[in-house]
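**Student:** 3D, please:
(one chain, ligands or ions: 2)
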Amino acid sequence: MDEGKMDENEWKYHGEGNKSLVVAHKQRCVVLRFLKFHPNRNKASEEIFQHLQNIVDFSKNVMKEFFGENYVHSGEVVQLPLDFVKQLCLKIQAERPESRCDKDLDTLSGYAMCLPNLTRLQTYHFVEHRPILCVEIKPKCGFIPFSSDVTHEMKHKVCRYCMHQHLKVATGKWKQISKYCPLDLYSGNKQRMHFALKSLLQEAQNNLKIFKNGELIYGGKEARDSVTDWNELAHHLKPFFFPSNGLASGPHCTRAVIRELVHVLTWVLLSDTDKSRLGTWRAVPGTQGLRACEASPFSRQLHCQGKNTPEHSGLPKGCLLYKTLQVQMLDMLDIEGLYPLYSRVERYLQEFPEQRKTLQIDGPYNEAFYQKLLDLSTEDDGTLAYALTKVQQYRVAMTAKDCSIMITLSPCLQDESPGHRAVVPSSKSRLAFSVSVLDLDLKPYESIPHQYMLDGKIVSYYSKAVRAKDAAAAAPPRFKGNEDCTLVLHKV
Ligand SMILES: O=P(O)(O)O[C@@H]1[C@@H](OP(=O)(O)O)[C@H](OP(=O)(O)O)[C@H](O)[C@H](OP(=O)(O)O)[C@H]1OP(=O)(O)O
Ligand SMILES: Nc1ncnc2c1ncn2[C@@H]1O[C@H](COP(=O)(O)OP(=O)(O)OP(=O)(O)O)[C@@H](O)[C@H]1O
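**Tutor:** Ligands and ions are numbered 1, 2, ... in the order given. Reported below is the predicted structural model:
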């Protein structure tokens, strides 16, 4: 990329999260990722450069080690002409979702990250002229805390995602509770994974997006605009999964296409595409914390039928879900066990603020930082060193709990050899695929008190909601439902 000759018309709005905004090049397979800030809270250019460089270093020196070379794309920091950034900001403003406009793109520093566009196969060159489908999944935390520091009994039964759903619906972030439960997706059991993926397709929230040829075609909508149109989706997907046969349109075709998509995604998610030496790295021995979640509709349905939830069938050790889960499990103490250790570090820093740098709170995220994360002991010897290691491991685990998995699929042309690319042996079409992980920015040290507060809020809201539901179920029949009420009114 020639940073000297940048034209905003060659770029288009691609997407954004809470902290960054992404634009994609119209011809080439690259994106620019800018930081966002609350209005009037812009930082010094040097600070922004350092922050972005830290993101790149953390990705290269830490996350690549944990996830494996193949899955992580670290990108590089680039300096852009300020005029280009300002024009780009104006050009894309109208396309930004309203709910994200509380923050503005950083137009003052001129720094951004340049990354491969992961919604296209990772060729990093010019756009390939063959259709490309990309499914982005933000799977969230895939285990139930196993720490003995957990005080809320509910946290041993119901996963955080399922509990959080209730609070999110109550606060209006989403319209309805999703049937998706991360524990089903991470179970490695095909039946449970199919259920999880179908649930994501029914209620995408911010956990599922589908792109076709780099354009968003499904998900990524705000609560008020989210309409699940499977017929339209199936129309987009049909050429990928049923390229030659003449499946008619209509509900039968829609179901067949969705089923095929779910099967292919499950196959890809379970495939071991990383041959790096780190395939067997484990945060926690055995299957600790991997039980089913009581709130998952899949488990509840089986429970009603008097059956047990099929246990996880075990994720293959090289697959991205397995690696993500292992990194998430660096959170061995849960926020309840971690918070007192954070307070220990915080007390030390209050007394010796100049030590912040030595302790590598804000980087550098180098080999030494990575090595310290490998100490998995949970014997608290009362030292600052122990507390610091657990705090840093927690930050890394939280990062893995919030990352996204990108799966790209593209049909192999007839008689074409896939070359170095892995292929889904789908019966209807041969699809070359690649898998990668994105949004691996280390969570800030400062977010720990917020995590602690939020955890309490999620559990107490959920417990209250469950109690209210139980009370309603136990109430005399005339208070039970609308029909009963109507009858009483008729009598009057
Ligand atoms: O706390 P959670 O689980 O709600 O996660 C936040 C995400 O909400 P979600 O529940 O996925 O809708 C949230 O996503 P949205 O902005 O809601 O799309 C962010 O990813 C946030 O991370 P950060 O503060 O921007 O670094 C996430 O915050 P962290 O907890 O990962 O810091
Ligand atoms: N390299 C990439 N290639 C293609 N699309 C990308 C890439 N990086 C980000 N995106 C898209 O942009 C969106 C926002 O990016 P990202 O998740 O990094 O933002 P964020 O603000 O850090 O997220 P969060 O809300 O989790 O903090 C992603 O969900 C994804 O759809």
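**Student:** residues from this structure in reach of ligand 1?
**Tutor:** 17-19, 206, 398, 402, 443, 447 (CB under 6 Å from any ligand atom). C-beta: built from backbone N, CA, C; applies to glycine.
**Student:** and residue 334, how far is that from ligand 2?
**Tutor:** Going from residue 334 to ligand 2 by CB to the nearest ligand atom, to the nearest Å gives 21 Å.
**Student:** right, and that residue touches residue 150 too?
**Tutor:** Yes - look at residue 334 against residue 150 with CB atoms under 8 Å: they come within range, at 5.1 Å.
**Student:** out of those two, which sits in the busier spot?
**Tutor:** residue 334 (22 against 19; other CB atoms under 10 Å).
**Student:** Now do the contacts for that one.
**Tutor:** Going by CB atoms under 8 Å, 6 or more residues apart in numbering, residue 334 touches 145, 147, 149-150, 155.
**Student:** From the residues you listed, keep the buried residues only.
**Tutor:** 145, 147, 150, 155 (16 or more other CB atoms under 10 Å).
**Student:** Can I get those residues in JSON lines including secondary structure, distance to residue 319 and pLDDT?
**Tutor:** Below are the buried ones among the contacts of residue 334 laid out as JSON lines (DSSP: H, G, I helix; E, B strand; the rest coil; distance: CB to CB, whole Å; pLDDT from 0 to 100):
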{"residue": "145", "secondary structure": "coil", "distance to residue 319": "23", "pLDDT": "96"}
{"residue": "147", "secondary structure": "coil", "distance to residue 319": "25", "pLDDT": "95"}
{"residue": "150", "secondary structure": "coil", "distance to residue 319": "28", "pLDDT": "97"}
{"residue": "155", "secondary structure": "helix", "distance to residue 319": "27", "pLDDT": "97"}
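**Student:** What is the three-state secondary structure of residue 66?
**Tutor:** Of the three states, residue 66 takes helix under DSSP: H, G, I helix; E, B strand; the rest coil.
**Student:** Could you report the neighbour count for the closest residue to ligand 2 within the stretch 251-400 of the chain?
**Tutor:** For the stretch 251-400 of the chain, the residue closest to ligand 2 is residue 399, as judged by CB to the nearest ligand atom, at 9.7 Å. Using other CB under 10 Å, residue 399 has 22 other residues around it.
**Student:** Show me whatever sits in contact with both of residue 334 and residue 150.
**Tutor:** Shared contacts of residue 334 and residue 150 (CB under 8 Å, 6+ apart): none.
**Student:** related to what we said a few turns ago, name the helix or strand for the residue of the stretch 251-400 of the chain closest to ligand 2, please.
**Tutor:** Element membership of residue 399, judged by DSSP states H and E, is helix 384-401.
**Student:** elements contacting the following helix or strand past that helix?
**Tutor:** The C-terminal neighbour of helix 384-401 among helices and strands, as given by DSSP H and E, is strand 404-411. Other helices and strands packing on strand 404-411, by 3 or more CB pairs under 8 Å, 6 or more residues apart in numbering; DSSP states H and E, are strand 133-137, helix 230-241, helix 251-270, helix 320-328, strand 431-438.
**Student:** mind giving me TSV with those and columns for mean neighbour count?
**Tutor:** As requested, the helices and strands packed on strand 404-411 are exported to TSV (neighbours: other CB atoms under 10 Å):
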stretch	mean neighbour count
strand 133-137	24
helix 230-241	18
helix 251-270	19
helix 320-328	25
strand 431-438	22
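**Student:** Can you tell me which of those is nearest to residue 219?
**Tutor:** strand 133-137 (7.9 Å; CB to CB).
**Student:** roughly how far is the closest one from the heart of the chain?
**Tutor:** Strand 133-137 sits 12 Å away from the centroid of its parent chain (CA atoms, centre = their mean, to the nearest Å).
**Student:** Identify each buried residue in the next helix or strand along the chain from that strand, please.
**Tutor:** As assigned by DSSP H and E, the chain's next helix or strand after strand 133-137 is helix 160-170. Within helix 160-170, the residues scored as buried using 16+ other CB under 10 Å are 160-169.
**Student:** With stretch 351-367 instead?
**Tutor:** Buried positions in stretch 351-367, judged by neighbour count with 16+ other CB under 10 Å: 359, 361, 363, 365.
**Student:** Endpoints of that stretch, how far apart?
**Tutor:** End-to-end distance of stretch 351-367 (CA to CA, to the nearest Å): 28 Å.
**Student:** contact partners of it?
**Tutor:** 50, 54, 57-58, 61-62, 345, 348-349, 368-369, 388, 392, 442, 445.
**Student:** pLDDT (mean, whole number) over that stretch?
**Tutor:** For stretch 351-367, the mean per-residue pLDDT is 97.
**Student:** and that stretch, how far from the chain's centre?
**Tutor:** That offset, for stretch 351-367, works out to 28 Å (CA atoms, centre = their mean).
**Student:** Residue 198 against residue 262, yeah?
**Tutor:** Yes - judged on CB under 8 Å, residue 198 makes contact with residue 262 at a distance of 5.8 Å.
**Student:** Most neighbours among the residues of the chain next to ligand 1, which one?
**Tutor:** Top of these by neighbour count (other CB under 10 Å): residue 398, with 23 neighbours.
**Student:** Now do the same contact list for the residue nearest to residue 158 when sequence neighbours are not counted.
**Tutor:** Once flanking residues are discounted, residue 158 sits nearest to residue 295: 4.5 Å by CB to CB, 6 or more residues apart in numbering. By CB under 8 Å, 6+ apart, residue 295 lies in contact with 158-159, 162-163, 181.
**Student:** in a helix, that's where residue 86 is, yeah?
**Tutor:** Yes - per three-state DSSP, residue 86 lies within a helix segment.
**Student:** so where does the nearest residue to it once chain neighbours are set aside fall, helix or strand?
**Tutor:** Using CB to CB, 6+ apart and skipping residues adjacent in sequence, the residue nearest residue 86 is residue 107, 5.2 Å away. Counting by DSSP H and E, no helix or strand carries residue 107.
**Student:** Residue 107 contacts residue 89, correct?
**Tutor:** Yes - between residue 107 and residue 89 there is a contact under CB under 8 Å: 5.0 Å.
**Student:** Show me what the residue of the stretch 201-350 of the chain found nearest ligand 2 is bridged to.
**Tutor:** Nearest residue of the stretch 201-350 of the chain to ligand 2 (CB to the nearest ligand atom) works out as residue 209 at 5.6 Å. Residue 209 has the following beta-bridge partners by DSSP bridges: residue 136, residue 219.
**Student:** Can you give me the neighbour number for the residue nearest to residue 86?
**Tutor:** Using other CB under 10 Å, residue 107 has 18 neighbouring residues.
**Student:** Let me see the contact set for it.
**Tutor:** Contacts for residue 107 (CB under 8 Å, 6+ apart) come out as 82, 85-86, 89.
**Student:** I'd like to know which of those is nearest to ligand 2.
**Tutor:** residue 89 (15.9 Å).
**Student:** What are the neighbouring residues in contact with that closest one?
**Tutor:** Contacts of residue 89 (CB under 8 Å, 6+ apart): 104-105, 107.
**Student:** Could you let me know which of the residues you listed ends up closest to residue 71?
**Tutor:** residue 105 (27.6 Å).
**Student:** Quick check: phi and psi at the closest one.
**Tutor:** phi -70, psi 140 (degrees, to the nearest 10).
**Student:** burial of it, as a residue count?
**Tutor:** Neighbours around residue 105, by other CB under 10 Å: 21.
**Student:** Residue 26 now?
**Tutor:** Applying other CB under 10 Å, I find that residue 26 has 11 neighbouring residues.
**Student:** Let the chain start at 42 from now.
**Tutor:** Understood, numbering begins at 42; the last thing we discussed is residue 67.
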